[in-house]
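**Q** With the sequence up front, the predicted model follows.
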Amino acid sequence: MIDLYNSNNKARKILVADDDQTQSEILTQLLKDNGYECLSANNGIDAIETAIKHFPDLILLDVDMPGENGYEVARQLKAHKNTRMVPIVMLTALSELGAKLEGLEAGVDDYLTKPYRPVELLTRIKALLRVKALNDQLDDTESIVFTLARIIEAKDSYTMGHADRVSRYSVLLGKLLKRSEAELEILDKGGVLHDIGKMAIPDTILLKPGALTKEEFGIMKTHPVMGCTICERLRSAKDAIPLIRHHHEKLDGSGYPDGLKRDEIPVLVRIVTIADIYDALTTRRSYKDAWSVDKTFSVMYEEVKKGWWDGDILRTWEQFVRSEDFNTMVARRIHVKAMPGA
């Protein structure tokens, strides 16, 4: 029964979404007889809500349902970050090629025309669950890397929470700059992972009080490239690689590791850079006390004049930091994504 169980020996969970109660009961019984746990939904809206709430391993989806039809359900679930990797099998009496193409365009992983043969359905379910299991293993690996990012900063009590703050600040700044939802997700991940490469830096350098020597700083400067090496094979971190590699670049080309200039530095990288610098300056470190907001922005604007940072992005950030909304967020430790209207 290896195909039916995950690493915790727990039966795979399948959502049956069909408004025909008789068909739904027949299909549910077939699945239970073969060792699966079942959820049910009798309309499109219920299917979406149930999938997002209960995280099924696979969804069997009818096309013609009240509320939202199967195509729209598939589109919404494939667009949601918590369900987009869940395989969907569409079951329908529609046999026209156009109907099948519409289902595939909506993100459906497989398509069976009613009446279907139970043995064929079960075989396709097993095949898709094998793929799902492999994806789950990749997700576990990604979770470990994100955890490592936090463990690294936890070595130093002064940097505790830095990655999560940079992530929150970056997402908030991205919202203020009207970046897309996909870009906000990249900012979220890039903020957490931007310093992951520091796991390769010796503690004698990473935790050293006071200034680094030229040789020590040269070693410290390798952490963006090391971060890319760690994350380059992670599926979910792929789009965040530029943020990890280039968050120490400067617009005048004097940054590292690649000496990028102006338009060579993407906007999302510039956003993470501003968030990273702001948090580093306004929090206490082993080599410095926390700076005031006034001193922080004064120094950062001087660096804008040197041609280092994006002045427009910095001004947008300053305007919000000096607002009551920001003070409330910090006082209540509100995550950016939970802010009303954010």
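**A** That came in fine, so what should we check first? Since this is a predicted model, take the numbers as computed values, not measurements.
**Q** helices or strands next to the host helix or strand of residue 185 in the packing?
**A** Per DSSP states H and E, residue 185 falls inside helix 181-193. If contacts are counted by 3 or more CB pairs under 8 Å, 6 or more residues apart in numbering; DSSP states H and E, helix 181-193 sits against helix 118-154, helix 162-176, helix 241-246, helix 267-282. The way it works is simple: take the backbone N, C-alpha and C, and place the C-beta from them, glycine included.
**Q** what's the helix or strand just after that helix packed up against?
**A** The helix or strand immediately downstream of helix 181-193 is helix 203-206, counting by DSSP H and E. Counting contacts by 3+ CB pairs under 8 Å, 6+ apart, helix 203-206 is packed against helix 214-220.
**Q** pLDDT on the helix it packs on, on average?
**A** Mean per-residue pLDDT for helix 214-220: 91.
**Q** how about TSV for the helices and strands packed on helix 181-193, with mean pLDDT added?
**A** Below are the helices and strands packed on helix 181-193 laid out as TSV (pLDDT from 0 to 100):
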stretch	mean pLDDT
helix 118-154	72
helix 162-176	92
helix 241-246	95
helix 267-282	96
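**Q** so where do the helices sit in the stretch 1-150 of the chain?
**A** Applying DSSP state H, counting those that start in this stretch to the stretch 1-150 of the chain gives helices spanning 21-33, 44-54, 70-79, 97-105, 118-154.
**Q** was I right about residue 313 contacting residue 271?
**A** Yes - with contact defined as CB atoms under 8 Å, residue 313 and residue 271 form a contacting pair (6.2 Å).
**Q** Neighbour count: the two, which is higher?
**A** residue 271 (30 against 19; other CB atoms under 10 Å).
**Q** How about the contacts made by that one?
**A** 170, 173-174, 177, 179, 187, 313 (CB atoms under 8 Å, 6 or more residues apart in numbering).
**Q** repeat that with 10 Å
**A** By CB atoms under 10 Å, 6 or more residues apart in numbering, the contact list for residue 271 reads 169-174, 176-177, 179, 183, 186-187, 190-191, 243, 247, 310, 313, 316-317.
**Q** Over to residue 289?
**A** Residue 289 is in contact with residue 283, counting by CB under 10 Å, 6+ apart.
**Q** ok, it to residue 282 distance?
**A** 10 Å (CB to CB, to the nearest Å).
**Q** ok, back up a step: now the common contact residues for residue 313 and residue 271.
**A** With CB under 10 Å, 6+ apart as the test, residue 313 and residue 271 both reach 173, 176-177.
**Q** neighbour-wise, which of these leads?
**A** residue 173 (26 neighbours).
**Q** I'd say that residue and residue 312 touch.
**A** No - in terms of CB atoms under 10 Å, residue 173 does not count as a neighbour of residue 312; the distance is 11.4 Å.
**Q** any shared contact partners between those two?
**A** Common contacts of residue 173 and residue 312 (CB under 10 Å, 6+ apart): residue 270.
**Q** Mind giving me the ChimeraX command for buried ones among the contacts of residue 271?
**A** A single ChimeraX command selects the buried members of the contacts of residue 271 (16 or more other CB atoms under 10 Å):
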select :169,170,171,172,173,174,177,179,183,186,187,190,191,243,247,310,313,316,317
